[in-house]
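[1] just the structure for this:
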Amino acid sequence: AWRRTLYPAAPLKGIPATAYQLTMSFGTPPQNFSIIVDTGSSNLAVAGSATAGASTYFVTTQSSTFSNTQTPVSVSYMIGAWSGTIVSDKVVMVGSGTASQTAQFALITASQSFFVANSPYPAQGIIGLGYQSLAFPAANPITPFFDTLVA
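    Numbers count the residues shown, from 1 in each chain. Take a look at the predicted model:
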């Protein structure tokens, strides 16, 4: 018989009809970041350097489970853009009750008007809720994070 397992929802914060964020951890040991929830894209991405424009960033050398694929990726939005490389590491939505998953995501190393200075909700990354057909790089799109949870 089919059985559905229910997990508590990850706590969202933000301004209704404007923007929502959740806390996600990356690496081993975990490093926590505020991540924007986006319904119009599919990539999971986190700042990977101070030059990306984020207030804090994922320090890859502090994670024992980090792996770099060396695959370049860039994404443009209606406002803002970022570029970086596809990497792999342990990822978890903090407070969701789910176990960490090894997942591919983008490590942002450069951005243009993507991270908003002096925001009441500063973010260090983005998680897209869209289908894999929206993911980048287009030639070999990565599996969206939420798809890894049900795989």
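[2] quick check: bridge partners of Ser67?
    Ser88 (DSSP bridges).
[3] now do the contacts for it.
    Val87, Ser88, Asp89 (C-beta atoms under 8 Å, 6 or more residues apart in numbering). Glycine gets a C-beta too; all of them are placed from N, C-alpha and C.
[4] quick check on those: which are buried?
    The neighbour count (16 or more other C-beta atoms under 10 Å) marks Val87, Asp89 as buried among those.
[5] what would the contacts of Ser67 look like in JSON lines with pLDDT?
    Converted to JSON lines, the contacts of Ser67 look like this (pLDDT from 0 to 100):
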{"residue": "Val87", "pLDDT": "97"}
{"residue": "Ser88", "pLDDT": "96"}
{"residue": "Asp89", "pLDDT": "97"}
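[6] out of the contacts of Ser67, which one sits closest to Ser111?
    Distance to Ser111, by C-beta to C-beta, is smallest for Val87 among these, at 16.2 Å.
[7] give the contact list for the closest one.
    Gly48, Thr60, Phe66, Ser67, Asn68, Thr69, Gln104, Phe105, Ala106, Leu107.
[8] and those, which are buried?
    Applying 16+ other C-beta under 10 Å to those flags Gly48, Thr60, Phe66, Gln104, Phe105, Ala106, Leu107 as buried.
[9] measure stretch 121-134 end to end?
    Start-to-end span of stretch 121-134 (C-alpha to C-alpha, to the nearest Å) is 26 Å.
[10] give the buried residues for that stretch.
    Ala123, Gln124, Gly125, Ile126, Ile127, Gly128, Leu134.
[11] got phi/psi on Thr60?
    The phi/psi pair for Thr60 (degrees, to the nearest 10) reads phi -60, psi -30.
[12] oh, I was asking about Pro141
    phi -60, psi 140.
[13] now the strands for this structure?
    Taking DSSP state E to define them, one finds strands in the chain at 13-15, 19-26, 31-38, 44-47, 67-76, 81-93, 101-112, 125-128.
[14] buried deepest among these, which one?
    strand 44-47 (a mean of 27; mean count of other C-beta atoms under 10 Å).
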